[in-house]
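Colleague: I would like the atomic coordinates for the input below:
(one chain, ligands or ions: 6)
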Amino acid sequence: SSVMAKSKFEYVKGFEEDRKCLPNCWIVVRIDGRSFTRFSDVHKFEKPNDRRALELMTRAASYVMEELKEISLAFGTSDEYSFIFRKDAQLYNRRRDKIMSTVNSLFSSAFVFHWTSFFGFVKLLYPPAFDARVVLYPTDANLRDYLSWRQADVHINNLYNTAFWTLVKKGNLTPQQAQERLKNTLASHKNEILFKEFDINYNNEPPLFRKGTTLVRKLVQTPPDNKLKQFIIPLNVDIIGEEFWKENPEIIG
Ligand code: ATP
Ligand code: ATP
Ligand code: MG
Ligand code: MG
Ligand code: MG
Ligand code: MG
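Modeller: Residues are numbered from 1 along each chain as shown. Ligands and ions are numbered 1, 2, ... in the order given. As a prediction, the model looks like this:
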């Protein structure tokens, strides 16, 4: 620190890199659970979608947004969350390492901190961890495509997983047989298996599972004086089409 005199060792500080995120670009930080195939197994997550786990992820992501005000939107599914910083974000002078590590650490510790609120008596058996990456997108269209990519992924994975686990749980197939059955099938074919053999209309599955969770900031009038207060609101809606962006113009504007 500054109170100490410079030592002969101090030159090592010069080896540090301070990579800055390119100005004017959208900064996306995506975190993803480390080996959550194992973590979900050890903690007996419901398959294919454990609602408690998804809600805990969203609680942790909300905390990140409460702390870091320059995040305008977050999108989550499974064991991942993407945080979108405004193009003009100034956090840590846009230093990449600081931004990425702080997001990841806030998220990870909040995930542990709030565990019991969602899992009750299910004990947390070991410390979970997350990896993180930063991606910069120079155009609004790139950012929209990034988010569309993540949400399209939710659809592809969830349709597959819903079909797979239905074949296993209700169709009494072994996991190997279910995998074989779904090999090379189109989306329409998976829908058909669910509908014809199990009376499941995929479109009636919970939006939380089909659409992932989008966290946005909203000003809401609060009683008694109708003051505007900011809330972080989870939505399970389509963000690929135009409607969401027309209703929430402040996110990209
Ligand atoms: P930044 O977010 O920039 O790191 P900071 O407040 O954490 O801000 P540091 O330079 O990292 O600043 O200093 C950490 C501070 O935490 C120290 O000033 C010290 O007062 C306090 N601190 C950390 N560990 C201990 C400890 N074991 N005992 C007492 N104080 C501690
Ligand atoms: P890596 O460390 O490379 O990310 P991983 O095992 O975490 O490895 P992912 O591709 O991230 O691999 O997949 C996460 C896994 O966690 C999924 O396969 C899924 O089985 C499980 N999982 C995550 N969230 C849930 C949930 N809410 N309900 C059920 N299973 C979940
Ligand atoms: Mg991964
Ligand atoms: Mg993972
Ligand atoms: Mg993942
Ligand atoms: Mg410190």
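Colleague: ok so Ser40 is a strand residue?
Modeller: No - secondary structure assignment (DSSP: H, G, I helix; E, B strand; the rest coil) places Ser40 in helix, not in a strand.
Colleague: Would you confirm that it contacts Pro48?
Modeller: No - under the contact definition of C-beta atoms under 8 Å, Ser40 does not touch Pro48, with a separation of 10.0 Å. Where you see a C-beta, it was placed from the backbone N, CA and C, and this is true even at glycine.
Colleague: which parts of the chain sit against ligand 2?
Modeller: 32-37, 40, 45, 47-50, 53-54, 78-79 (C-beta under 6 Å from any ligand atom).
Colleague: which element is His155 on?
Modeller: In this structure, His155 sits in helix 140-169 according to DSSP states H and E.
Colleague: Quick check: buried residues in whatever helix or strand comes next after that helix?
Modeller: Moving toward the C-terminus from helix 140-169, the next helix or strand (DSSP H and E) is helix 175-182. Of the residues in helix 175-182, those scored as buried under the neighbour-count criterion (16 or more other C-beta atoms under 10 Å) are 178, 182.
Colleague: what residues are up against the nearest residue to Thr166 once chain neighbours are set aside?
Modeller: Counting by C-beta to C-beta, 6 or more residues apart in numbering, Thr166 lies nearest to Phe198, which is 5.4 Å off, once chain neighbours are set aside. Each residue near Phe198 by C-beta atoms under 8 Å, 6 or more residues apart in numbering is listed here: 166, 170-171.
Colleague: What of Thr162?
Modeller: Thr162 makes contacts with 48, 190, 194, 200, 202, 205, 209, as judged by C-beta under 8 Å, 6+ apart.
Colleague: now those residues as TSV including neighbour count, secondary structure and distance to Gly253?
Modeller: Listed next are those as TSV, based on neighbours: other C-beta atoms under 10 Å; DSSP: H, G, I helix; E, B strand; the rest coil; distance: C-beta to C-beta, whole Å:
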residue	neighbour count	secondary structure	distance to Gly253
Pro48	18	coil	37
Lys190	20	helix	38
Leu194	20	helix	40
Ile200	17	coil	40
Tyr202	20	helix	34
Glu205	16	coil	33
Phe209	20	helix	30
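Colleague: farthest-separated two in the residues you listed?
Modeller: Farthest apart among the contacts of Thr162 by C-beta to C-beta are Lys190 and Phe209. That separation is 14.4 Å.
Colleague: Just the buried subset of the residues of the chain next to ligand 2, please.
Modeller: The neighbour-count test (16+ other C-beta under 10 Å) applied to those identifies 33, 36, 40, 45, 48-50, 53-54, 78-79 as buried.
Colleague: Nearest to ligand 4: which residue in the stretch 51-200 of the chain?
Modeller: When distances are taken as C-beta to the ion, the stretch 51-200 of the chain approaches ligand 4 most closely through Asp79, which lies 4.5 Å from it.
Colleague: Tyr81 - nearest residue in space that isn't next to it in sequence?
Modeller: Setting aside the residues directly before and after it, Tyr81 is nearest to Ala61 in space (C-beta to C-beta, 6+ apart), at 4.7 Å.
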